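Asks: the following comprises the amino acid sequence and a computationally predicted model.
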Amino acid sequence: MIEFKNLVKKFGTRTVLNGLSLNIREGEIIFVLGTSGTGKSVLLKNIVGLMTPDEGEIWIDGQEVSKFTEDQYLPIRKKCGMVFQHPALFDSLTIFENVAFSLRRHYQLPETEITEKVKTALKLVHLHGVESKKPAQISYGMQKRVSLARTIALQPKILLFDEPTTGLDPVTTTAVNQLIQDLSRELKTTSVVVSHDMNCALSIADRIVVLDKGQIVALGTPDELKRSEIPLVRDFLAEALTV
Ligand SMILES: Nc1ncnc2c1ncn2[C@@H]1O[C@H](COP(=O)(O)OP(=O)(O)OP(=O)(O)O)[C@@H](O)[C@H]1O
């Protein structure tokens, strides 16, 4: 589904991704863990074409996309739904209009169809009766769910999450994680979740990849990772157990 082959990304003299190879399978939920600054977000940006690698290949759905032009990348971007750390909703628009916004921008759809898609997306994230509210009138956790609804309304095949639970309280964290899992299964998406949170990864990932200094130091199922002797993995596990 998504394959990185010997990916290298440098900023000046700093090498952020250092020959990274990874095959992300169709329909799986894969967590990308690593300490700050190891290149997790850079990896996501390479998938959606917001950054291009200096070396290596990126295969998405059978196409090598790393040297695609902006125009060639558009259909790839349509397959990808990116959910950012902060909801970034438009304050002056209602929740309905926030979710409808990208639908209107990407597709010429009759109003009835837009209404249908917005309602379905809000229902999938368990939000009811908030369509006419403004973002400031709902909680932060609900705003995060609206941003998820906005992304899934476009029916992406690939869902990319950049630290979806950072800054959330434990109850909302659990709810958002459950939602990531439920949506990925229900919509049959391939989901890549960048995170610091080993607990979340252990509970919902099919596979976990741990990055250090731009390279993969561990890759496996939650059970395999739990048995890992790799120091960085043990550190993440120790932290998870104390939460
Ligand atoms: N556009 C850019 N220009 C220069 N350096 C960049 C750019 N984007 C990222 N970097 C650098 O690349 C490194 C990896 O950044 P990245 O955001 O991928 O880290 P991360 O693993 O997601 O960290 P965090 O968990 O803190 O978000 C950092 O040192 C960062 O400063």
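Replies: Looks like it arrived, so ask away.

Asks: counting by contacts, list what the lowest-mean-pLDDT helix or strand in the chain packs against.
Replies: Among the secondary structure pieces of the chain, namely its helices and strands, helix 231-242 has the lowest mean (mean pLDDT, DSSP states H and E), a mean of 85. Using 3 or more CB pairs under 8 Å, 6 or more residues apart in numbering; DSSP states H and E as the contact criterion, the elements in contact with helix 231-242 are helix 198-204, strand 207-212, strand 215-220, helix 222-226. The way it works is simple: take the backbone N, C-alpha and C, and place the C-beta from them, glycine included.

Asks: buried deepest among the ones you listed, which one?
Replies: With neighbours taken as mean count of other CB atoms under 10 Å, the helices and strands packed on helix 231-242 reach their highest mean count in strand 207-212, at a mean of 22.

Asks: just how off-centre is the longest helix along the chain within its chain?
Replies: Among all segments of the chain classified by DSSP state H, the helix with the greatest residue count is helix 170-187. Centroid separation between helix 170-187 and its chain, computed with CA atoms, centre = their mean, to the nearest Å, is 12 Å.

Asks: how about stretch 83-99?
Replies: Counting by CA atoms, centre = their mean, stretch 83-99 is centred 17 Å from the centre of its parent chain.

Asks: okay, now residue 59: neighbour count?
Replies: Close neighbours of residue 59, defined as other CB atoms under 10 Å, add up to 16.

Asks: please apply the same query to residue 55.
Replies: With other CB under 10 Å as criterion, residue 55 counts 14.

Asks: picking up where we left off before, any chance of the helices and strands packed on helix 231-242 in JSON lines with mean pLDDT and distance to residue 125 as columns?
Replies: Converted to JSON lines, those look like this (pLDDT from 0 to 100; distance: least, CB to CB, whole Å):
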{"stretch": "helix 198-204", "mean pLDDT": "91", "distance to residue 125": "16"}
{"stretch": "strand 207-212", "mean pLDDT": "96", "distance to residue 125": "24"}
{"stretch": "strand 215-220", "mean pLDDT": "96", "distance to residue 125": "30"}
{"stretch": "helix 222-226", "mean pLDDT": "95", "distance to residue 125": "25"}
